Structures are given as structure tokens and as C-alpha cells.
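> Provided below for reference: sequence and predicted model.
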Amino acid sequence: MNSVLRTIAARLGRMPLAEDALERRFAELKTTATATVAPPLADAITCFIAEAEKNLFEISRHSNLETLIGYLADSKLPVVLAPQASVRALNWQPVIGRLSEDYRAPALGVVEAVAGIAETGSVTIRSTDAPSGLLFLCEELVVILRQERIVALQEELWQRLSPGGYRALHLISGPSRTADVEQTLQVGAHGPRRVHLWLVTENGNPAPPAP
Amino acid sequence: MTEPGFILRSREALADPVLQSAMDKARPGFVRKRSDAIARVANFSELRDKAREVRQRSLRDLDVYLGIFERRVTAAGGHVHWASSTDDLRRIVLDIAKAAGARTATKGKSMIAEEAELNQALEAAGISPRETDLGEYIIQLAGEPPSHIVAPALHKTRPQIADLFRTAHALGERQLETVQDLVDEARRVIRSHYLEADIGITGANILIADTGTMVLCTNEGNGDLTASLPDTHIVTTSIDKVVASWDDASAILRVLARSATGQAITTYTSFYGPRQPGDLDGPSHFHVVLLDNRRSSLLGSEYQEMLQCIKCGACMNHCPVYQAVGGHSYDSVYPGPMGAVLTPLLRGERGDYLLPHASTFCGRCEEVCPVRIPLPSLLRKLREKDVREHHQRGGIWLIRFYVALARFPRLYRVATSALSVLSAKLAKRGKLPRLPGLGAWQRKRDMAAPQGASFQQQWRARRKSR
């Protein structure tokens, strides 16, 4: 047992617990957790889009992913795809000459998010979905998000995703930015200068308007 | 008392036109952005109550949560190190860096690394620390400590930053006219640092016991590049950062960015642990160094609530004293109201006890604190402790005299009306001349002369006239 933990326990008036006793106490304490308090949200999809716009995502809505290839064909950057089956399965023929695996050089990254979070207009990507390096080194990032994967609150996501099995879970809320020079907001600090949110609606219709 | 450091430094700060222009630019933005952000959330007050409850619950059983955190990190293949002092922290980080054969280290913003002066230790060991947060990079070039816990280069103006870059970078044809120029220049230089670094050192905003996870909040993405590209990731953080669960972390995230920069969430909010078999990249080695440095001595004390702090910076953004004198006047990595409480408690040098006196007790800090730390009352307790233990502040005799007098109402009335008559005689153009024992107080202030009858006299007169 280390001395820092012993000191802390002593300040709290007890001996430090080891292994089984520690686990039992932690399990007990977990039952004392209080209910979630979250900002009140209207419809999750409407709220997601409003918040994502505030976060400076460039948002477009599509009924399928065919339009994405056309969009990428207009760019000049090398395209680095996340190794996700859903991304790789698309017909990349029109941009085949620009596909690259080198995300350390300036590139346009394409990744599919595992979820969107309405309360903050964020998308979620794990280190098993795409290399973290790709998400933060690319000049421009296209994030595909299926509308049905939008949840209202973070807690819903923690319920859905099992917490183990990956190193990193990233909540991304727009392009990289800084306000460290005279508190002036400047986009494109170290990470992507642009993040395009490719929102795929189930039936091809745009999201319903606010109630 | 020996050198009254804060007084000297703040006097210089007030007379520094460049610093004052930088502070003038920063001040309104922080306040407006926070108030806009919370106006968009109908129940922000409830979010604060929840965040406070989470922090208090975590401190109540801190030993359990830290013990579980260590077990979970270890089970996932990482390492947890315990640093009783900043000496310990430096030694632990250097040992890891040497074992990794490191020559260069990228660094995300870490107040704990600042507290431990880790950069100096790395340099002395032949390892080049390279700050990646733009603000930290600027102050590293300037050879200065941070002046704000969220915006470390708040005190620097655009021309000053351009000068620093001109000296440090081989600029060639590149311009440094606009904010965009400066950010692009830093991006270009720091990008190569990311790709070369042997180790990455970051702080942590939250630790989650349940899964041995650490949470990192940045807007630039620099923390994530630092945590993800090198083969070793070292997290320098403190024992008070742990919470029980991911749900608890969410409660803190809901108030953190709104209070700090007026965002609903920071652009990048990442949850990290040791690398797993299915991961597509990431360091092979994951170390968390937990610093105590006298924080544990606050547990169970009348100062425990200070450990609830989530380091958002709202208290200093709203503090009239910090806003006037800037962060460097505090001579501590923790400035403003939270620093005026933490510095005497963690460092405890004699001069640090001057900081709790640098408050108007206006109460704005407590009003805006997302976890409702009663900062003015902690400052007051520290003033009492200072007087109890050091007995040397000027003006104490005056307060003692006042206290003695106030115990006897009749005597008080006679004495005050006598004083009032006397001072009216002494006054010139409504102001009192310099009085003995009030030197420091009167140096920067006019003491107004009493204008006729006292409050009590007026009150009695008014009651009679009804």
C-alpha cells in the first residue's frame, strides 16, 4: 500500500482497503449515485443539428452515401479512409488515385461516427473505429453520422457502448480552434480546419423541424 | 513582514500599459461568453448543484475511488504512480522518460506539471519539453509561467506574440500580421514536434474510477495529438480529480466548458486508458502520476471544499482584483480567487498569506463557481489563520480598538461623534489628510470626511420627526 493513499485514508479517518474489501466498498458506493441532471432538450435530432451548427460543423443531409464520393472528387487532398467496413464498402472508384493510408501528411479523413450526442452537438468515434492520429492530424475531416444513432444525452451513450476494449473515446464538437491570441477565436489550431458532418437520414427526408 | 511580494508586483502590473491593454481585451469576452452560455440552459443552477454533489461525493470516499482507479488502470495494462511531493512527481516522470530513451517530449497543458516545474526538470535531464497548447507554447518561448489556468498567455498581446515567434522561428517569407498568421505559424512548427516526440505528457480534467479512464478537454486538439502519437503517454494529475463513474464525469463536463469558455462542451473531449488489442494506434505505455502535494491535508479540514475545484477559471474571469493586476502578480501557477486559497494551503510560504487579503469580498467568485465553492468564506478563514499565526499585518490594532469600542454602545456613540467632529475639522475639500497607521490604505484611496451627523443620529432624528 502506498503512502499517499494511506495518508488520504487517514485524513478520512480510516485504514485503506485492499482488493476484495475495496471492490465491495466501491460496489456499495455505486448504489448511492444520484439521478442524472441534464439540460432540458426538445427533439433530439433538431437539438443535435442546432448545437452542431454552433460548433461550426459544416452539415449536409443525404439519403445515402453516394453523394459523398462526388463531394470528395471535388477536393484536391489525398483521402484517408478509416478502416471501417461501412466506409470501405463504398464505391471509391472515382477517387481511387487519391486514396492514401498516410495520415501524417496533409489529408482529408473519412470516418463514420458510432453516435451523435444531441445535448452538445458532438459526434463519437473510438480508437477502434479510426486511428486517433487520423482524426487530429487531417486538414479536413468528413464524419458520417446515421441519424438514428443520435442520442439525447451522454449517459445514454455510456449505457450503449461497453466501456472496455478501446484506448480512446473521442467526443468531437467541430473543427479544431484556439482563442489563445488575444481571446480571438481562430479555427484550425492543430487539428482539422474543417469538419463536415455527413448526416444520413433514414428515408431521405431532412430532419423534422422544431416543434 | 519581509518583502510584500504581491503588493510590489501588483503595483508594477497596474502601471504596465501593455499588460493592462491585454487584460482589457480579455475581460469582457470571458464574462459575456459564460453568461450567454448559461442563459441557453434553463436549469444551469441545477447542473451546478449536481456537479457539486458529484465532487463532494468523490472527496468523501476519495481513498476508495483512487484505489479502484489504480486497480482498473493496472488491469487494463497501464501504470499508476503516487507522488507525495512535486519532487516525487519530477523523479517519477524522469524515470519513465529515461526508460523510454526519450530525447523530446510534447506536452499538453497540465497545471500539475506547472506546479511541479516539470519543464525545468526535463531540460536539466537533457529531454526537450515542447509545449503544444498555443498559450503554453507562447509562454514557453517567453520563459514565463502561466497567468491564467485556462488561457495561460492571456497577458500577451498580438505584437508581443509575433515578436516571440520572430525570434524563435526561421520565418523566411511568412507573415505574422493577423491572428490567423500566428496560429498557422504555430501549427506548422508544433506539427513537426508532434511527429518527432518520444513521449507525450498531458494533464487530466477528470479521472474515472470505474474504468480507470482519464478525461482530457481541449479546443485545439493538441492534448489528443500529445496523448496519441508518441509511444509513451504520461498523465500528470492530482489526487482530487477522481470521480466514481462516467455519469459523474458527464455532470462535471456539463458545467466545465460553459463556465470556462462559454461552450456547451470543449471541441475535443476524449476519454483515455491504456492501449487495447483492437486499437488502430496509440502509445504502448500509459502512465498516470497522481500528485498529492498537501492536497490530502485539506481533506476533513475546514478547507476541504477547495478540492471540489474543477479548474474552469470562472472565478478569476470575474474577479475585480485579478482583472486589475493579472495572474503574474500572484506569483503562483494558481492565480485569482482559487489561487488565493490554494497557494497558501499548498505552498504555504509566508508571503502567500498576503493573497487572501487581496480580495474585495465582492462575492462574484462564489456566484459564478460551477461547483459552488464558498471562496470568500475560505479567504476569510485564511485571513483569520494569517492573523492567528503571523500577527503582523498592519492595521490590526485599529480593528482591535474598533472591536473593543463596539462592545460598549454608549461609549461607541460618544467616541464616533467626537471622531466625526474632529475629522470634519481636519478635512480639506471633503477629504481627510494622511493619518498615522493608515499609510497603505490611504496611499491609493481618499478617505472621505464625515458629512454631518452619523447614521444613528439621523435615524433618531427621523423617527422623532414622524
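Received, thanks.
> who touches the residue of the stretch 151-300 of chain B found nearest chain A in this structure?
In the stretch 151-300 of chain B, the residue that lies nearest chain A is residue B:221 (3.2 Å; CB to the nearest CB). Where C-beta positions appear, they are placed from N, C-alpha and C, glycine not excepted. For residue B:221, the contact set (CB atoms under 8 Å, 6 or more residues apart in numbering or on different chains) comprises A:136, A:176, A:189-192, B:267-268.
> For it, which non-adjacent residue is spatially closest?
Closest residue to residue B:221 apart from its sequence neighbours, by CB to CB, 6 or more residues apart in numbering or on different chains: residue A:191 at 3.2 Å.
> how much space between residue A:47 and chain B?
11 Å (CB to the nearest CB, to the nearest Å).
> and the helix or strand that contains that residue, C-alpha only, in PDB?
In this assignment (DSSP states H and E), residue A:47 forms part of helix A:44-54. Extracted as PDB, the C-alpha positions of helix A:44-54 are listed here (Å, rounded to 0.1, in the frame of the first residue of the first chain):
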ATOM      1  CA  ALA A  44     -33.000  15.100 -30.100                       C
ATOM      2  CA  ILE A  45     -32.300  15.500 -33.800                       C
ATOM      3  CA  THR A  46     -33.400  19.100 -34.000                       C
ATOM      4  CA  CYS A  47     -31.300  19.900 -31.000                       C
ATOM      5  CA  PHE A  48     -28.300  17.900 -32.300                       C
ATOM      6  CA  ILE A  49     -28.300  19.900 -35.600                       C
ATOM      7  CA  ALA A  50     -28.700  23.300 -33.800                       C
ATOM      8  CA  GLU A  51     -25.800  22.500 -31.400                       C
ATOM      9  CA  ALA A  52     -23.600  21.000 -34.200                       C
ATOM     10  CA  GLU A  53     -24.100  24.200 -36.200                       C
ATOM     11  CA  LYS A  54     -23.000  26.300 -33.200                       C
END
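> helices or strands next to that helix in the packing?
Packing partners of helix A:44-54 (3 or more CB pairs under 8 Å, 6 or more residues apart in numbering or on different chains; DSSP states H and E): strand A:58-62, strand A:115-117, strand A:150-151.
> Show me the shaky parts of the chain.
Defaulting to chain A. A:1, A:203-211 (pLDDT under 70).
> switch to chain B, that's the one I care about
Low-confidence segments of chain B (pLDDT under 70): B:1-3, B:391-395, B:437.
> which other helices and strands contact the lengthiest helix in it?
Criterion DSSP state H: the longest helix present in chain B is helix B:17-39. Helices and strands touching helix B:17-39, by 3+ CB pairs under 8 Å, 6+ apart, are helix B:5-14, helix B:246-260, helix B:314-317, helix B:320-325.
> how much distance is there from the shortest one to the middle of the chain?
Relative to its parent chain, helix B:314-317 has a centroid offset of 8 Å by CA atoms, centre = their mean, to the nearest Å.
> How about the last one?
Computed by CA atoms, centre = their mean, the chain-centroid distance of helix B:320-325 equals 13 Å.
> which helices and strands sit right next to the helix or strand following it?
Under the assignment DSSP H and E, the closest C-terminal helix or strand after helix B:320-325 is helix B:336-346. When contacts are defined as 3+ CB pairs under 8 Å, 6+ apart, helix B:336-346 sits against helix B:314-317, helix B:320-325, helix B:364-368, helix B:375-390.
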